[in-house]
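Colleague: Here's my sequence, what's the structure:
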Amino acid sequence: MDHPLPAPPDALIRPWRTAAVVAAAVASIELVILLAIGGGALVNLVSDRVERAAVKRALTTPSPEQKSSVTRRPTEVVAKLPRTKVRVLVLNGNGQQGAAAVAAGRVEQRGYSIGGVANAPRSNFSRSIVMYRPGFVAEGRRLGRDLGVRQVTPLDGMRARQLEGAHVVYILGA
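Modeller: Down below sits the predicted model:
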């Protein structure tokens, strides 16, 4: 009868496990080295691009001394009509009764002609707006300056026939 021989305790350690652990350790070290090399190359690439962009910007951006010597004048559109010839439609856009009539009085005091007073299509305007018909940009901007209205835009949401002949619309906000 055959009996298996008892295996010595050293025989239980298989050499392939040791080889796998050693290979994994070597691969991990290689990975760390490759990441360090790649990260360094990436940092060099990015820093070169940032440096080139900074140089380009420095060459194209004027210094504070140059900015003060260069005075840019915005192209000012000159109003064709005097204030007395500009018709303004005043609309109440804040919902307060009588506010448009009071605003129309202020507009008239500044020399403008009132083309009509009415309620706006909605009554929840948070700010006052001056809108102008095509060709009356300068008149709209001048009215905005005279009334202290910052938002001056082309006619939006209204058709020219709704203006009752007015050149500019002043919508009173809250």
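Colleague: So, low pLDDT: which residues of the protein?
Modeller: Counting by pLDDT under 70, the chain has low-confidence residues at 1, 3, 5-14, 55-76.
Colleague: List the contacts of the most centrally placed residue in it.
Modeller: Nearest to the mean C-alpha position of the chain, by CA atoms, centre = their mean, lies residue 151 at 16.8 Å. Shown in contact with residue 151 (CB atoms under 8 Å, 6 or more residues apart in numbering): 127, 128, 129, 130, 144. All C-beta spots, glycine's among them, are computed from the backbone N, C-alpha and C.
Colleague: most neighbours, which of those?
Modeller: Using other CB atoms under 10 Å as the neighbour criterion, residue 130 leads the contacts of residue 151 with 23 neighbours.
Colleague: So that one: helix, strand or coil?
Modeller: At residue 130 the chain is in strand, as set by DSSP: H, G, I helix; E, B strand; the rest coil.
Colleague: what's across from it in the sheet?
Modeller: Counting by DSSP bridges, residue 130 is bridged to residue 152, residue 170.
Colleague: Likewise for residue 88?
Modeller: With DSSP bridges as the rule, residue 88 is bridged to residue 114, residue 168.
Colleague: From residue 158, how far out is residue 93?
Modeller: 12 Å (CB to CB, to the nearest Å).
Colleague: Many thanks, have a good one.
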